[in-house]
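>>> Provide a 3D model corresponding to the input given below.
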Amino acid sequence: EGKGKKRNSLHDFKKTGELMLIKVNKTLEVKTKLLNSTEQCAKRCSRNKGLSFTCKAFAYDRVTKRCHWLSFNSLTNGVRKKQDHAFDLYEKKDYVRNCIIGKGADYKGTVSVTRSGIQCQAWNSMIPHEH
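The predicted structure follows:
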């Protein structure tokens with residue numbers, strides 16, 4: 001990216017148009033606020049600014065210009081998808097990506113087995129497999 005150009009926070013998100021997530025699990029958190037753009041929503045979600053939880057996604061209501069920051073995404077248990085023409089859903093790519101980039105140190109996705117089907121484990125563990 002060129003000098004002096006600010007990075008667009010939306011690049012970190014996967015957009016799904018006309019979709020909202022509904023929490024069935026009441027412990028999942030949501031915070032809303034009026035904001036003029038999806039870029040502003042993305043920036044606050046990326047930085048977790050003013051949020052008491054790790055933001056994994058946000059939904060932007062194009063009609064009311066309200067941002068809904070979510071502590072969950074479409075892959076979280078206790079969540080269902082709802083078709084809604086007013087909303088666009090933006091999910092952090094780190095949490096919905098099914099591939100590991102580089103050494104995978106920052107991987108937050110859902111894959112927990114290797115390509116050959118072996119269960120993943122913590123580096124400091126010898127269970128379920130020896131290194």
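
>>> what helices and strands are in contact with the longest strand along the chain?
Within the chain, and with DSSP state E defining each element, the longest strand by residue count is strand 79-92. In terms of contacts (3 or more Cβ pairs under 8 Å, 6 or more residues apart in numbering; DSSP states H and E), strand 79-92 is packed against strand 13-23, helix 38-47, strand 57-61. Backbone N, C-alpha and C define where each C-beta goes, glycine included.

>>> what mean pLDDT does the following helix or strand past it get?
Downstream of strand 79-92, the next assigned helix or strand under DSSP states H and E is helix 93-96. Averaging pLDDT along helix 93-96 gives 86.

>>> give me the buried positions along helix 93-96.
95-96 (16 or more other Cβ atoms under 10 Å).

>>> over to stretch 19-27?
Of the residues in stretch 19-27, those buried (16+ other Cβ under 10 Å) are 19-21, 23.

>>> with pLDDT and distance to residue 48 added, can I get those residues in TSV?
Shown next, in TSV, are the buried residues of stretch 19-27 (pLDDT from 0 to 100; distance: Cβ to Cβ, whole Å):
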residue	pLDDT	distance to residue 48
19	96	23
20	96	21
21	97	18
23	95	18
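
>>> now those residues as TSV including distance to residue 74?
TSV is the format used below for the buried residues of stretch 19-27 (distance: Cβ to Cβ, whole Å):
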residue	distance to residue 74
19	8
20	10
21	6
23	12
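
>>> the longest strand of the chain pairs with which strands?
Within its sheet, and counting by DSSP bridges, strand 79-92 is paired with strand 13-23 (antiparallel), strand 57-61 (antiparallel).

>>> for the next helix or strand after the first one, what is the average pLDDT?
When you say that, I think you mean strand 13-23. Reading on from strand 13-23 to the C-terminus, the next helix or strand found by DSSP H and E is strand 30-34. On average, the pLDDT along strand 30-34 is 97.
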